[in-house]
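The following block contains a protein sequence and its predicted model.
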Amino acid sequence: MVYNILQTTLRGWGPCAFLATALLFTFSFPLHQVPEFAYCFVVPFLVWGYNCSNKKVLCWSAFTAGWLGWLLTIFYLRHVWFGLPFVAAAYGGLYLGGWLFVAALVVKNAVKKSTLLRLVILLGLSGFWVVLEWIRGWLFSGYPWLPLAASQWERPVLLQILEWTGASGLSFVLIFFNLTISTFIIELCQSLKLRNNGLAPRPLSKYWLEGYLSMIFLIFGVFIFLKNLPQKENQQFVFNVGIVQPDIAPNLKWDQDFFWDNLRVLREESLKLKPFNPDVIIWPESAIPSPLNEDINMCLWTEGLVNEVNVPFLIGALAKEQDNKWYNAIVEVIPEHGLSPVYCAKRKPVPFGEYVPLREWLPFLNKVVPLDFDLTPGLNKDPLKVTINDKQWKIGGLVCYEDIFSWLARESVLRGAQFLLVVTNDAWYHAEGGAYQHAANSVIRAVEVRRPVIRCGNNGWSGWIDEYGNIRYVVINDLNSIYFRGGNVFPIYRDTSWNGKFTFYTQHGDWFVILSGFLIAFAALAMWKKDVA
């Protein structure tokens, strides 16, 4: 009776399985975030997929789920160009949909295996997820936006494993948990089927080896969290940071008709912070759309403001060198000393946003980006040496979306960065989920390298994150919104127990991806073993 009801349900709701998985995937991430959904989002598809005998239907359903899940997650990209979320979702859907299709086929085989072989196969499928995330982060210039681990950005207990494995380790644990639930439900249905036919089912207890291992993974994360609980005596006050959010529309920033209006906003908001005694003031990415090291008038205006406030400024601005190369940079302006000649240039410009690939050989691509020059990747990996309160600090700059690339944060820390500074502009995405999703990536970086991350966005998300992924301060207005024109001053602390120390991940990088590759190979071998009768 129970089995018949389950079978009817699976057949009747089968076509909706991809929709359930897509929605659970979307709701795992900001803005409408329920991070617990990340533990079960593939379960509806895999349970239904086990009962689907038509591979063509299974394939189309998998890629539809992948495309729809990403489309709903990044639909705010329509504000940049209406077709962009559909194209970007199609690309992201190739990875999510590809994994779902392969996993559905493999799980059909895995549930017939012995306990040990089935476990190896599920570990291999989890490794396959990790490898696909890694490929997405490198292929076609790379776009590792929102790894599955980022769904837990507000769950510091689970994030601590990142110190050892990077984001890949937590993604692995979450997808393995999904597979554990899926195979158990599938076997439960099969047991009910055998009972319905008067046969003795296999004991469900044999399926709890995966469950035990899942719990071990989670307990290991909790253990690391408890082991690394911040100690009050290690918390060192560093300086007070003033954040300015000018909230200038991206399309107006470059409009010469609004040039002085934009500067007026920057000046007014900076002066508002002066009574709160900031030790340094930060402006967001490209706050000044003019190269300060070349535009004398613009440089004098900025230096005059810095002298008036009488604290150092870290400013997102363009820089231009004598060889006619342009850079998206973070520059320092110091009271009485003026513009520092050393700046931090963006190392990973956005293709078709800040440069046109193959511009010289494919001139028609110039229509994509209406600029007559490309922004050049910065080659200097050294952090900025900034003097605040008569003490020098090394700050690793991450411009725009650079905080989604773990290797850039690692480079900065390996070269001595004591903090990471993200200056960005998420106003392109309007007041939706884009800024929150971007901030989730910053939380991942903070734990991976155990360095505080300070963020300054044009219209939010601004604030700071400590070495353990705790969001210590968010700049919000009276309506509890991050999206507004204004700013605030807040104190920054650091954990002295990490002074001069590197995490295992910082030193060894994506070693867990290599391990995942071996797990895939072992799983492939396990698939060749004879099925259990």
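Perfect, thanks for sending it. Numbers count the residues shown, from 1 in each chain.

Could you list the low-confidence segments of the chain?
Residue ranges of the chain with pLDDT under 70: 1-15, 190-208, 353, 356-373, 529-533.

So which residue is smack in the middle of it?
Nearest to the mean C-alpha position of the chain, by C-alpha atoms, centre = their mean, lies residue 441 at 2.8 Å.

what sits against that one?
Neighbouring residues of residue 441 by C-beta atoms under 8 Å, 6 or more residues apart in numbering: 145, 146, 150, 403, 404. Bear in mind the C-beta positions are built from the backbone N, C-alpha and C, glycine included.

ok, 10 Å please
Contacts for residue 441 (C-beta atoms under 10 Å, 6 or more residues apart in numbering) come out as 144-147, 149-150, 153, 167, 398, 401-406, 409, 422, 453.

for residue 129, same thing?
Residue 129 makes contacts with 42, 95-96, 99, 102-103, 147-148, 168, 171-172, 174-176, 178-179, 516, as judged by C-beta under 10 Å, 6+ apart.

one step back: can you tell me which of the contacts of residue 441 are in helices?
167, 406, 409 (DSSP state H).

how close does the last one get to residue 489?
It refers to residue 409. 25 Å (C-beta to C-beta, to the nearest Å).

The two - which one has more neighbours?
residue 409 (27 against 19; other C-beta atoms under 10 Å).

if you skip the residues just before and after it, what's nearest to that one?
residue 445 (4.5 Å; C-beta to C-beta, 6 or more residues apart in numbering).

dump the residue contacts of the closest residue to residue 109 other than its chain neighbours.
Leaving aside its sequence neighbours, residue 109 sits nearest to residue 527 (C-beta to C-beta, 6+ apart; 6.0 Å). Shown in contact with residue 527 (C-beta under 10 Å, 6+ apart): 106, 109, 110, 113, 117, 120, 121, 124.

just residue 397 next, same as before
314, 316, 329-331, 343-347, 378, 380, 383-384, 408, 412, 417, 419-423.

What are the phi and psi values at the residue nearest to it when sequence neighbours are not counted?
Closest residue to residue 397 apart from its sequence neighbours, by C-beta to C-beta, 6+ apart: residue 344 at 3.4 Å. Dihedral pair for residue 344: phi -100, psi 110, per degrees, to the nearest 10.

Let me know whether residue 344 touches residue 415 as I believe.
No - at 11.5 Å, residue 344 does not count as touching residue 415 under the criterion of C-beta atoms under 10 Å.

Find residues that contact each of those two.
380, 381, 382, 383, 396.

hey, where'd the strands end up in this structure?
For the chain, the strands defined by DSSP state E occupy 235-245, 280-282, 313-320, 326-334, 338-339, 344-345, 384-388, 391-399, 419-424, 453-457, 463-465, 471-474, 486-495.

first to last residue in stretch 448-466, what's the distance?
One end of stretch 448-466 sits 11 Å from the other (C-alpha to C-alpha, to the nearest Å).

ok, so what distance separates the residue nearest to residue 109 from residue 459?
Residue 527 is 50 Å from residue 459, by C-beta to C-beta.

Please name the residues that touch residue 84.
74, 75, 76, 77, 78.

follow-up on the earlier one: wait, doesn't the residue nearest to residue 409 sit right on residue 419?
No - using C-beta under 10 Å as the test, residue 445 is too far from residue 419 to be in contact (11.5 Å).

Just the buried ones out of the contacts of residue 397, please.
314, 316, 329-331, 343-347, 378, 383-384, 408, 412, 417, 419-423 (16 or more other C-beta atoms under 10 Å).

Could you report the neighbour count for the residue nearest to residue 236 when sequence neighbours are not counted?
Of all residues beyond its chain neighbours, the one nearest residue 236 is residue 496 (5.1 Å), with distances taken as C-beta to C-beta, 6+ apart. Neighbour count of residue 496, defined by other C-beta under 10 Å: 12.

In this structure residue 496 contacts residue 452, no?
No - Residue 496 is not in contact with residue 452 according to C-beta under 10 Å; the separation is 11.9 Å.

quick revisit: and the furthest pair within the contacts of residue 84?
Spatial extent of the contacts of residue 84 (C-beta to C-beta) is set by the pair 74 and 78 at 9.2 Å.

So for the two, which residue has more residues nearby?
A side-by-side neighbour count of residue 74 and residue 78, using other C-beta under 10 Å, places residue 74 first with 24 against 16.

for the more buried one, phi and psi?
Backbone geometry at residue 74, expressed as degrees, to the nearest 10, gives phi -120, psi 30.

Distance check, the closest residue to it other than its chain neighbours against residue 23.
Spatial nearest neighbour of residue 74, chain neighbours left out: residue 85 (5.3 Å); criterion: C-beta to C-beta, 6+ apart. Computed as C-beta to C-beta, the residue 85 to residue 23 distance reads 16 Å.

Give me the more crowded residue out of those two.
More crowded of residue 85 and residue 23, by other C-beta under 10 Å: residue 85, with 21 against 18.

Now for the closest residue to residue 509 other than its chain neighbours: which residues touch it?
Among residues not flanking residue 509 along the chain, residue 410 sits closest, at 6.5 Å (C-beta to C-beta, 6+ apart). Residue 410 makes contact with 166, 396, 417, 445, 448-449, 502-503, 505-510, according to C-beta under 10 Å, 6+ apart.

run the last query once more with 7 Å
449, 506, 509 (C-beta atoms under 7 Å, 6 or more residues apart in numbering).

Around the second one, how many other residues sit close by?
Other residues within reach of residue 506, judged by other C-beta under 10 Å, total 21.

what does the last one give?
Neighbour count for residue 509, taken as other C-beta under 10 Å: 15.

Quick check: phi and psi on it?
Backbone torsions for residue 509, taken as degrees, to the nearest 10, come to phi 70, psi -140.

If you tally nearby residues, what's the number for residue 297?
By other C-beta under 10 Å, the residues close to residue 297 number 8.

now the one 3 residues further on
A count of nearby residues for residue 300, using other C-beta under 10 Å, gives 13.

how far away is it from residue 87?
44 Å.

now residue 71
Relative to residue 87, and taking C-beta to C-beta, residue 71 is found at 10 Å.

Next: residue 426.
19 Å.

Likewise for residue 62?
19 Å.

do residue 376 as well
From residue 376 to residue 87 the distance is 26 Å (C-beta to C-beta).

Likewise for residue 168?
Counting by C-beta to C-beta, the separation of residue 168 from residue 87 is 26 Å.

The two: which is more packed in?
Neighbour count, other C-beta under 10 Å: between residue 168 and residue 87, residue 168 has more, with 28 against 11.

was I right about that one contacting residue 130?
Yes - contact status for residue 168 versus residue 130: in contact at 4.7 Å, counting by C-beta atoms under 7 Å.

which residues are common contacts for those two?
Common neighbours of residue 168 and residue 130 (C-beta under 7 Å, 6+ apart) are 512, 513, 516.

Which residue is the nearest non-sequential neighbour of the second one?
Same thing as residue 513. residue 134 (4.6 Å).

Tell me how far the one you found lies from residue 167.
10 Å.

Could you check which of those two is surrounded by more residues?
Taking neighbours as other C-beta under 10 Å, residue 134 and residue 167 compare with residue 167 leading, 30 against 23.

Let me know the distance separating that one from residue 510.
In terms of C-beta to C-beta, residue 167 sits 9 Å off from residue 510.
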